[in-house]
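Engineer: no sequence for this one, just the structure:
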């Protein structure tokens, strides 16, 4: 056993995760995590319908203790596998929450849900662990001094899993340290890096599978007595602003300020442009067939593959294509599976409209992106229709789903029902939604898992 220093960074974060009473977490924070949970269960069904079968077959093959359910097939596998596979299937929709450090909602929710099933935790305790993980992830993101976000994801997964496994401070620190030692490639996407190749989509974004598994794996290894140091993060302190990491000015502000759910199927940074387009269509009653030109101004991110694709040919290309999202919004097609089914992708008019979308750089938005001020990124749009040009703009901060403009309960419900429409009858979807809306009152999360 190593002699860890109680005042170490790892120990301080572990103590916070292990000892913060659920009752001390603001009701608004828990409610936001519940909304995130509902949202991500729904879109995981969508992901399974389009791209989840191979991952489910893999998970059933590997097996393990039947701790937790695979959403979409109902198979039961180990908590480690369920956390990773469900997180990845959810991520593979580009319809998920992004928040600080990009695409961490799936890892957070599915690590918590899988471990809550393994341990028989209550809905409230599951939401508390998710809230602590969300705040910890946000602090890592804004405290980091490098482009690499990979280490924090597996640390956060381990923290959530350790909390739900009932670990004390020492065991939580050891689990977080062990997760950090599991070798996974760096994850960084600076805008000055070499642009990715066009159409190179399928290997994209596999971090949730491996990071969620790494976090749960570390906790289960510690549970079975594996020896590990308890201060591994302290060996990497140069990568972070320690004061920002350990002493946040507003402990729960990250949930209120930085949670970013998505009303539309596309990158979060382009959602502002989709909202501006949507508002123009509704305000002016625009008939998409009368449109002569479409112009968007966004950060430099959206001039690069895979976000820039005026002619997507399959599901993977369509979920990331900014032009395809604009085409769908202009036609007022409900976001979700209807955007990416084969018949839609083959529709000549939808393809013609996507090909019309011109994207240019908004330099201020690019600066905001690079400086981690992504809520300040802006989408400006122009539509030439009926002999005149209509224009609008919106920032990420003022886009539906942002912390300052949360999606309404009705919007969350509509998104859930749309996302699950290929997986279950409307009556069953509404029944499941009603159960999820009361998750905080559930004594054992396994009763909810049984409905899946």
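Structural biologist: Okay, I see it. None of the values given here were measured: they were computed from a predicted structure.

Engineer: what bits of the stretch 101-250 of the chain have low per-residue confidence?
Structural biologist: 188-194, 202-204 (pLDDT under 70).

Engineer: all helices of it, in order?
Structural biologist: In the stretch 101-250 of the chain, the helices defined using DSSP state H, counting those that start in this stretch lie at 105-119, 123-143, 150-164, 169-181, 207-223, 242-246.

Engineer: can you put those in CSV and add mean neighbour count and distance to residue 356?
Structural biologist: Heads up, the C-betas are built off the backbone N, CA and C, glycines and all. Compiled in CSV, those are given as follows (neighbours: other CB atoms under 10 Å; distance: least, CB to CB, whole Å):
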stretch, mean neighbour count, distance to residue 356
helix 105-119, 30, 32
helix 123-143, 24, 36
helix 150-164, 29, 38
helix 169-181, 26, 47
helix 207-223, 26, 34
helix 242-246, 15, 44
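
Engineer: who wins for proximity to residue 233 among those helices?
Structural biologist: Of all those, helix 169-181 sits nearest to residue 233, with 6.2 Å by CB to CB.

Engineer: Counting by contacts, list what the closest one packs against.
Structural biologist: Contact here means 3 or more CB pairs under 8 Å, 6 or more residues apart in numbering; DSSP states H and E; on that basis helix 169-181 packs against helix 9-19, helix 150-164, helix 207-223.

Engineer: elements contacting the shortest one?
Structural biologist: With contacts taken as 3+ CB pairs under 8 Å, 6+ apart, helix 9-19 sits against helix 123-143, helix 150-164, helix 169-181, helix 242-246.

Engineer: Of those, give the one that comes closest to residue 252.
Structural biologist: Counting by CB to CB, residue 252 lies closest to helix 123-143 out of these; the figure is 6.4 Å.

Engineer: Columns distance to residue 14 on top of the helices and strands packed on helix 9-19, output as a markdown table?
Structural biologist: Converted to a markdown table, these look like this (distance: least, CB to CB, whole Å):
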| stretch | distance to residue 14 |
| --- | --- |
| helix 123-143 | 10 |
| helix 150-164 | 8 |
| helix 169-181 | 4 |
| helix 242-246 | 11 |
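
Engineer: Figure out which of the ones you listed is closest to residue 416.
Structural biologist: That would be helix 123-143 among these, by CB to CB, at 16.9 Å.

Engineer: Out of the helices of the stretch 101-250 of the chain, which gets nearest to residue 200?
Structural biologist: For these, the distance to residue 200 is smallest for helix 207-223, at 16.2 Å, taking CB to CB.

Engineer: what's the angle from that closest one to helix 123-143?
Structural biologist: Helix 207-223 and helix 123-143 are oriented at 110 degrees to each other (axes from the mean of the first three to the mean of the last three CA atoms, to 10 degrees).

Engineer: Please convert the helices of the stretch 101-250 of the chain to a markdown table, extending it with distance to residue 452.
Structural biologist: Below are the helices of the stretch 101-250 of the chain laid out as a markdown table (distance: least, CB to CB, whole Å):
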| stretch | distance to residue 452 |
| --- | --- |
| helix 105-119 | 10 |
| helix 123-143 | 14 |
| helix 150-164 | 18 |
| helix 169-181 | 27 |
| helix 207-223 | 17 |
| helix 242-246 | 36 |
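
Engineer: Out of those helices, which is closest to residue 253?
Structural biologist: Of all those, helix 123-143 comes closest under CB to CB, at 8.3 Å.

Engineer: quick one, strands of this protein?
Structural biologist: Taking DSSP state E as the test, the strands found in the chain are 68-69, 76-77, 291-298, 357-361, 378-385, 388-395.

Engineer: Distance to residue 333, mean neighbour count and mean pLDDT added to these, as TSV?
Structural biologist: As requested, the strands of the chain are exported to TSV (distance: least, CB to CB, whole Å; neighbours: other CB atoms under 10 Å; pLDDT from 0 to 100):
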stretch	distance to residue 333	mean neighbour count	mean pLDDT
strand 68-69	31	26	98
strand 76-77	35	22	98
strand 291-298	15	19	98
strand 357-361	15	17	98
strand 378-385	17	22	97
strand 388-395	20	15	97
